[in-house]
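Engineer: Sequence and predicted structure, then a few things I'm wondering about:
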Amino acid sequence: MAQARTVGVGIDNSSTSKAALRWAIDNLVEGGDRIILIRVQSPKSDNVQKKLWEQTGSPLIPLEELRERTVLKQYGLTLDSEILDLLDTESRTKGITVVSKVYWGDPREKLCDAVEDLMLDSLVVGSRGLGVLKRVLLGSVSNHVVVNATCPVTVVKGTPVSKP
């Protein structure tokens, strides 16, 4: 039997982050593994928890608590019920553990920090499919993470953004 792994998934409620989560569940995660949903909030947030956990990120939040409004409000989170239902089902059927962690700051840097902090065996992120010009102007979170993370990174591509 293989040793349990810790798989991080960058999540922001976008269609590409949902696709990344589905990909991780369908192709990577096995029984006994742990999924950590990694959410990076804006550094401009006035959230009380941000002031307490800004440097290290929040404590790990168990899946059961992600359905509680007070917990979501406390960290400034919104989670799609489709994601929660998927995670509930997979945690029961595959025997995986699901937790979440919130960071505040630049997603590029914080996702790389999470790899070290959480000792991830693998990280899965979505890509918005920006064109070359927008990617150069805005920067690409997924490109930065692929180059700088110290664990294997899988990028699940989204639908390319159409040209105006």
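Structural biologist: Yes, it's here. What you see is a predicted model, and the numbers here were worked out from it, not measured in a lab.

Engineer: For this protein, just list every one of the strands.
Structural biologist: Using DSSP state E, the strands assigned to the chain run over residues 6-10, 34-41, 61-62, 97-104, 122-127, 153-157.

Engineer: okay, those strands in CSV with distance to Q74 next?
Structural biologist: Where C-beta positions appear, they are placed from N, C-alpha and C, glycine not excepted. Output for these, formatted as CSV (distance: least, Cβ to Cβ, whole Å):
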stretch, distance to Q74
strand 6-10, 21
strand 34-41, 12
strand 61-62, 9
strand 97-104, 10
strand 122-127, 25
strand 153-157, 29
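
Engineer: Minimum distance to W53: which of the ones you listed has it?
Structural biologist: strand 97-104 (7.4 Å; Cβ to Cβ).

Engineer: Can you dump the C-alpha atoms of that closest one in CSV for me?
Structural biologist: C-alpha atoms of strand 97-104 as CSV (Å, rounded to 0.1, in the frame of the first residue of the first chain):
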residue,chain,number,x,y,z
THR,A,97,-9.2,13.8,4.4
VAL,A,98,-10.1,17.3,3.3
VAL,A,99,-9.0,20.6,5.0
SER,A,100,-8.6,24.2,3.9
LYS,A,101,-6.1,26.9,4.6
VAL,A,102,-6.4,30.6,3.9
TYR,A,103,-3.5,32.9,3.1
TRP,A,104,-3.5,36.6,2.5
